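**Student:** coords please:
(chains A and B)
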Amino acid sequence: NAGVTQTPKFQVLKTGQSMTLQCAQDMNHNSMYWYRQDPGMGLRLIYYSASEGTTDKGEVPNGYNVSRLNKREFSLRLESAAPSQTSVYFCASSESRSQGSYEQYFGPGTRLTVT
Amino acid sequence: QKEVEQNSGPLSVPEGAIASLNCTYSDRGSQSFFWYRQYSGKSPELIMSIYSNGDKEDGRFTAQLNKASQYVSLLIRDSQPSDSATYLCAVNMRGGSNYKLTFGKGTLLTVNP
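**Tutor:** Next up is the predicted model:
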């Protein structure tokens, strides 16, 4: 099992460009998440999908959109990249239950620089 | 604002010592607690989960939970240089109709040979 995979691993964008970060998991998990990690700010939730067909905003959703393509795949789109979106992006997945998620498992991350 | 607080460190211990990492959280209704290890330039890796008050041991790692004090800790016995990493505390907190993990900012641990 590959676990959680993310593409690309690195990306450099110019301000105003768009791109989609891809995430896939092979653990048959219901829930998937997108986080960003910045120095001194910790991990912050951008969007999540509790189950196939649903998506919800997290703590820092502005400037991003998501698509839960199927149970395996959850993509994050930057429509018009800004330097403030320079960060490391992590996708994660977990099983879900009535009072929250089980353990979350993370992908290797995408290092994005916006110039 | 629901928060998870950790001492940012760095925490420096000699090889073979016990490293003690601490975390407090604000949501009294939280039920699930996790410790992640993150090496520099890598993704967070789950090392412990704890759901009930008391201690949970896994090899050299022991997680301790005290819900009344809203406190969770991680002890690493016989610390090794390979344990040098940032340790993230994560707490499942209710936000609206769903529960989500809230992460602390992490404690940097350095184990000196």
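
**Student:** which SS class is the closest residue to chain A within chain B?
**Tutor:** Closest contact between chain B and chain A, by Cβ to the nearest Cβ, is at B:Tyr99 (2.9 Å). Every C-beta, even on glycine, is put in place using the N, C-alpha and C of the backbone. Applying DSSP: H, G, I helix; E, B strand; the rest coil to B:Tyr99 yields a three-state assignment of strand.

**Student:** can you check the one 3 residues further on too?
**Tutor:** Following three-state DSSP, B:Thr102 is assigned to strand.

**Student:** which residues sit in contact with it?
**Tutor:** Contacts for B:Thr102 (Cβ atoms under 8 Å, 6 or more residues apart in numbering or on different chains) come out as B:2-4, B:25, B:27, B:90-93.

**Student:** so who does A:Ile46 touch?
**Tutor:** Contact partners of A:Ile46, counting by Cβ under 8 Å, 6+ apart, are A:34-36, A:58-61, A:64, A:66, A:76, A:89.

**Student:** surely it forms part of a strand?
**Tutor:** Yes. Counting by three-state DSSP, A:Ile46 is found in a strand.

**Student:** nearest residue to it other than its sequence neighbours?
**Tutor:** The shortest distance from A:Ile46 to any residue other than its chain neighbours is 4.5 Å, reached at A:Trp34 (Cβ to Cβ, 6 or more residues apart in numbering or on different chains).

**Student:** for chain B, what lies in contact range of chain A?
**Tutor:** Contact residues, chain B versus chain A (Cβ under 8 Å from any Cβ of the partner chain): B:31-32, B:34, B:42-46, B:49, B:88, B:90, B:92, B:94, B:96, B:98-101, B:103-106.

**Student:** tell me where chain B has strands.
**Tutor:** Secondary structure of chain B by DSSP state E: the strands cover B:4-6, B:11-14, B:19-25, B:33-38, B:45-50, B:54-58, B:61-66, B:71-76, B:85-95, B:98-103, B:107-112.

**Student:** these: which one's closest to A:Gly16?
**Tutor:** strand B:98-103 (30.6 Å; Cβ to Cβ).

**Student:** now do that closest one, average pLDDT.
**Tutor:** Regarding strand B:98-103, the rounded mean pLDDT is 84.

**Student:** quick one, what contacts A:Ser67?
**Tutor:** Neighbouring residues of A:Ser67 by Cβ under 8 Å, 6+ apart: A:55, A:74-75, A:77.

**Student:** quick revisit: and the residue nearest to A:Ile46, helix, strand or coil?
**Tutor:** strand.

**Student:** what is the burial count for it?
**Tutor:** By other Cβ atoms under 10 Å in any protein chain shown, the residues close to A:Trp34 number 27.

**Student:** who does it form a beta bridge with?
**Tutor:** A:Tyr47, A:Cys91 (DSSP bridges).

**Student:** my guess is it contacts A:Leu43, does it?
**Tutor:** No. Contact criterion Cβ atoms under 8 Å: A:Trp34 and A:Leu43 do not qualify, at 10.6 Å.

**Student:** joint contacts of the two?
**Tutor:** A:Phe90.
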